[in-house]
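K.L.:
quick one, what's the 3D model for this:
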Amino acid sequence: MAGEVEADRARTPSDLSKADIMVGRRVRALRFESGLSLAELAARTGISIGALSQIERGMSSLRVKVIWPLAAALNVEPSALISEGNDAASDIYCVRAASRRDLPVHSEGIRKQLLSPPGATLTGMTVEVEPGGGTAEAYAHSGHEFGLVMSGTVELVVDETTYILRQGDSFAFKSTLLHSFRNPGTERCVVLWVNTIKPSEVRDGS
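P.N.:
Residues are numbered from 1 along each chain as shown. Predicted structure coming up:
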């Protein structure tokens with residue numbers, strides 16, 4: 001029974017392995033990304049809060065019976081929890097360039113890649129817009145945002161005011177203001193975009 005599943009006996013810091021620490025970070029990162037507290041994850045898995053805390057801190061190895069309910073609750077394959085412990089893509093503090101995750105978009109000609117790790121307070125992205133591409137309509141949401149044009153040209157509209165921004169130009173505004181953007185140039189533009197909402201709430205670029 002899942003309610004009877006516990007992690008291995010907690011170990012002293014000198015006994016901790018690098019693999020267990022990285023697996024614990026992975027579990028914690030996935031929990032943060034799912035927006036779950038330890039209590040909520042415990043309720044979903046039948047694993048005690050104490051056992052989950054020990055796993056996340058690398059003080060306890062994952063038992064086979066623990067992996068399945070954890071993977072199901074975090075909506076991942078079991079292998080995602082126990083892949084090589086040196087997999088930096090699962091770190092809760094850093095995102096390697098080769099491990100960036102694409103975010104879904106609702107408009108043509110836009111590609112977003114997530115730069116911030118799971119659980120980060122700020123959501124950082126690279127937003128690539130092909131010539132002629134852009135948001136279908138102006139929109140607003142909660143939060144604040146900041147951007148830096150890395151290359152190309154961006155036409156940004158904030159609260160009915162239009163700005164033509166080029167490489168090196170930057171911007172910041174409250175997300176509650178209606179805003180939209182498009183690429184009026186002939187080459188792809190890239191914007192470093194940061195906002196204060198979760199990745200799951202991010203629309204076409206903000």
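K.L.:
against residue 109, how distant is the closest residue to residue 24 other than its chain neighbours?
P.N.:
Nearest non-adjacent residue to residue 24, counting by CB to CB, 6 or more residues apart in numbering: residue 58, 4.1 Å away. The way it works is simple: take the backbone N, C-alpha and C, and place the C-beta from them, glycine included. Remark: distance between residue 58 and residue 109 (CB to CB, to the nearest Å) = 43 Å.
K.L.:
of these two, who's got more company?
P.N.:
residue 58 (23 against 17; other CB atoms under 10 Å).
K.L.:
surely the more buried one meets residue 28?
P.N.:
No - the criterion here is CB atoms under 8 Å, and residue 58 misses it with residue 28 at 9.8 Å.
K.L.:
longest single helix anywhere in the protein?
P.N.:
helix 18-33 (DSSP state H).
K.L.:
flag every buried residue along that one.
P.N.:
20, 22, 23, 24, 25, 26, 27, 28, 29, 30, 31, 33 (16 or more other CB atoms under 10 Å).
K.L.:
over to stretch 174-186?
P.N.:
175, 179, 180, 181, 182, 183, 185.
K.L.:
hey, C-alpha coordinates of it in PDB?
P.N.:
The C-alpha trace of stretch 174-186 is given here as PDB (Å, rounded to 0.1, in the frame of the first residue of the first chain):
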ATOM      1  CA  LYS A 174       3.400  46.300 -15.300                       C
ATOM      2  CA  SER A 175       1.800  43.300 -16.900                       C
ATOM      3  CA  THR A 176      -1.600  44.600 -16.100                       C
ATOM      4  CA  LEU A 177      -1.200  47.100 -19.000                       C
ATOM      5  CA  LEU A 178      -2.400  45.800 -22.400                       C
ATOM      6  CA  HIS A 179       0.700  44.900 -24.400                       C
ATOM      7  CA  SER A 180       1.700  43.100 -27.600                       C
ATOM      8  CA  PHE A 181       4.800  42.800 -29.700                       C
ATOM      9  CA  ARG A 182       5.900  41.800 -33.200                       C
ATOM     10  CA  ASN A 183       9.000  41.600 -35.400                       C
ATOM     11  CA  PRO A 184       8.800  44.300 -38.200                       C
ATOM     12  CA  GLY A 185      12.200  43.500 -39.500                       C
ATOM     13  CA  THR A 186      13.700  41.100 -42.000                       C
END
